[in-house]
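In: I would like to see how this sequence folds:
(2 chains)
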Amino acid sequence: MKDTGIPSDRLGKNPNVSALILSSLAGGEKHGYALVKDVAEFAGVELPPGTLYEALARLERAGLIEALASDDRRRPYRLTGAGATTLSDYLATQHQVVKVGQSRLSRGWSFS
Amino acid sequence: MTSLMTPSRRATRLLRYYPKSWRDRYGDEFVDFMEQSIVDQPHNTRRTSNIILKSFKARLGELGLLGSTMESATAPKAALSTSTVLAAVFTVFALFYWSCAMVAWNSNPHVATTLAVSIGTAAITVSTMLLSLTLLLLSVVLIWHALRSALSKHDKRVVWPLVLILGSTTVIVNSIHQYLRFTIARGGIEWTHVGVALKQVAGATQWVTQRTIWGPSWTGWHIFTAQGLLNVGTPVAVLVLALSMAKLIRLSEVSAFATRAGRWATTSLALGMLFFLVSFAGWELAGGFNNSWMARFTQMQKSLFVVIAFIALLGLVTSWKARSHHESIEIIKLNRESS
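Out: The predicted structure follows:
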């Protein structure tokens, strides 16, 4: 993961999956299954378990999330300060893309 | 049959696809996750195939062939242990090809050896020696370190790999003795004549490595004969030796110096393999075999060359992944310090 200063690079491989996880954790700490249910609800995306745990491991190693201690098998994850900054930067970029895309579509395309 | 199993059993079975270090870290929560997922959706092919694919990636990461998502301290050791196994197998083939080149060099009195062929032969010799010496140095350091650990710290984990290393080395030394007893270099090598000695060493190496590579196919079904055991036992011993070394690397304690040395060794082995391939290809293109009475590069040798080129490619990937992993760790450290 080379840091080029571009927010999506800081999220590593598959930035969309990372952004979904970070966005979910921005709403509060969650364990794996609750996180998947939350993402399915707000984004309509079903994260398969292999993809989820690969991303959790990567984000944890990058210091963007942290695993909390737990008494049972369910281990909750929490967004870190670095994770919040990275997500904020990434979403700002995405917001800009959405704005430009929508504005260009509204000028040249009509949908019935 | 799968639907008859309880969610807990199915979850535990799926967890087994992942490597041990991954299971130790995420096993409990993964099983808990899967139990709930299976209760919600008993049958989901996409979910199962996703786990198989990602667990395979995690296993490749464990071997240092993909960017590991696990503990950063184990990544250089994983890369070095994989490189050691790859380089050990590669070196057996490299020694065989080196011996072919050395026996062929200047062996036809009717054809003068070109400068290009001589340079190619020298390059093959240097690259083979570089690989062999790196492996030898690595082995000596590892065994010394493991022996100290076993004797002073009573570390029992290193005992089995050490026993296997001793056993496989004994088998290999005995095989070399048996292969050479009635064949090449009978009466000893003439060390007083450097050129003659080099040819004799090359001839002996060719005989031993040829038997190691093709021996099992010559044995056929007659494994339980003295010759059969020798032919099958030698390549098995080489593999056991390489895997035991890899195990020792994984068990060794990691200091900052050892991590740096490990990365250096991984890179050296990968570059040694690449250097050898380039040297041999250059030698062949320069007409290396034309100067000898030997047959040209046969189809079998060409196929094997593709195999060892693939091994070298895996070595390069391992080395590159170890390097990029190290860089990403440095960046993460910087990010953490700055935030």
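In: In chain A, what residue lies closest to chain B?
Out: Per C-beta to the nearest C-beta, A:Gly50 is where chain A lies closest to chain B, at 2.9 Å. Every C-beta, even on glycine, is put in place using the N, C-alpha and C of the backbone.
In: For that residue, give me its contacts.
Out: Contact analysis of A:Gly50 by C-beta atoms under 8 Å, 6 or more residues apart in numbering or on different chains lists B:50-55.
In: List the residues that contact the closest residue to it other than its chain neighbours.
Out: Spatial nearest neighbour of A:Gly50, excluding adjacent residues (C-beta to C-beta, 6 or more residues apart in numbering or on different chains): B:Lys54 at 2.9 Å. Contact analysis of B:Lys54 by C-beta under 8 Å, 6+ apart lists A:50-51, A:53-54.
In: Against B:Val31, how distant is the residue nearest the centre of chain A?
Out: Taking C-alpha atoms, centre = their mean, the centroid of chain A lies closest to A:Ala19, which sits 1.6 Å from it. Counting by C-beta to C-beta, to the nearest Å, the gap from A:Ala19 to B:Val31 is 27 Å.
In: same deal with B:His193?
Out: Using C-beta to C-beta, B:His193 is found at 69 Å from B:Val31.
In: Now A:Leu68: phi and psi?
Out: A:Leu68 has phi and psi values of phi -100, psi 160 when expressed as degrees, to the nearest 10.
In: so what's it up against?
Out: A:Leu68 neighbours (C-beta under 8 Å, 6+ apart): A:29, A:75-78.
In: again, only using 6 Å
Out: Applying C-beta atoms under 6 Å, 6 or more residues apart in numbering or on different chains to A:Leu68 gives the contacts A:76, A:78.
In: got it, and A:Tyr33?
Out: B:33, B:36.
In: can you rerun that using 10 Å?
Out: A:49, A:52, A:74, B:29, B:32-37, B:40 (C-beta atoms under 10 Å, 6 or more residues apart in numbering or on different chains).
In: what about the residue of the stretch 51-200 of chain B found nearest chain A, helix or strand, and which?
Out: Nearest residue of the stretch 51-200 of chain B to chain A: B:Lys54, at 2.9 Å (C-beta to the nearest C-beta). In this assignment (DSSP states H and E), B:Lys54 forms part of helix B:45-62.
In: Beyond that helix, next helix or strand please.
Out: Downstream of helix B:45-62 (by DSSP H and E), the next one is helix B:75-104.
In: Can you name the next helix or strand after that following helix?
Out: Helix B:75-104 is succeeded, C-terminally, by helix B:115-152 (DSSP H and E).
In: The longest helix seen in chain A and chain B, are they touching?
Out: The single longest helix within chain A, with elements called by DSSP state H, is helix A:81-108. Yes - Helix A:81-108 lies within reach of chain B by C-beta under 10 Å from any C-beta of the partner chain, at A:81-86.
In: Looking at B:His193 and B:Val31, which has the bigger crowd around it?
Out: B:Val31 (19 against 11; other C-beta atoms under 10 Å in any protein chain shown).
In: Which pLDDT value goes with that one?
Out: Per-residue confidence (pLDDT) for B:Val31: 93.
In: what's the angle between the one helix or strand it maps to and helix B:75-104?
Out: In this structure, B:Val31 sits in helix B:20-40 according to DSSP H and E. For helix B:20-40 against helix B:75-104, the angle by axes from the mean of the first three to the mean of the last three C-alpha atoms, to 10 degrees is 120 degrees.
In: Next, the buried residues of helix B:20-40.
Out: In terms of neighbour count (16 or more other C-beta atoms under 10 Å in any protein chain shown), helix B:20-40 has its buried residues at B:21-23, B:25-38.
In: which ones among those residues come in contact with chain A?
Out: B:22, B:25-37.
In: Where does the stretch 101-250 of chain B get nearest to chain A, which residue?
Out: For the stretch 101-250 of chain B, C-beta to the nearest C-beta, closest residue to chain A: B:Arg250, 19.5 Å.
In: wait, isn't A:Ser24 in contact with A:Tyr77?
Out: Yes - the pair A:Ser24 and A:Tyr77 passes the contact test of C-beta atoms under 10 Å, sitting 9.3 Å apart.
In: farthest residue from the center of chain B?
Out: B:Asp40 (44.7 Å).
In: Quick check, that one in contact with A:Lys37.
Out: Yes - taking C-beta under 10 Å as the definition, B:Asp40 is a contact partner of A:Lys37 at 9.2 Å.
In: show me where pLDDT drops low in chain A?
Out: A:1-13, A:111-112 (pLDDT under 70).
In: 50 instead?
Out: A:1-2 (pLDDT under 50).
In: Helices of that one, residue ranges please.
Out: Under DSSP H, chain A gives helices at A:7-10, A:15-26, A:32-43, A:49-61, A:81-108.
In: Look at B:Phe280 and report its pLDDT.
Out: The model's pLDDT for B:Phe280 equals 87.
In: For it, what is the enclosing helix or strand?
Out: Per DSSP H and E: helix B:256-285 holds B:Phe280.
In: now for that helix, which elements pack on it?
Out: helix B:75-104, helix B:115-152, helix B:226-251, helix B:299-338 (3 or more C-beta pairs under 10 Å, 6 or more residues apart in numbering or on different chains; DSSP states H and E).
In: tell me the angle it makes with helix B:226-251.
Out: 140 degrees.
In: tell me how far helix B:256-285 is from the chain's mean position?
Out: 12 Å (C-alpha atoms, centre = their mean, to the nearest Å).
In: Same question for stretch B:203-210.
Out: Per C-alpha atoms, centre = their mean, the centroid offset for stretch B:203-210 relative to its chain is 20 Å.
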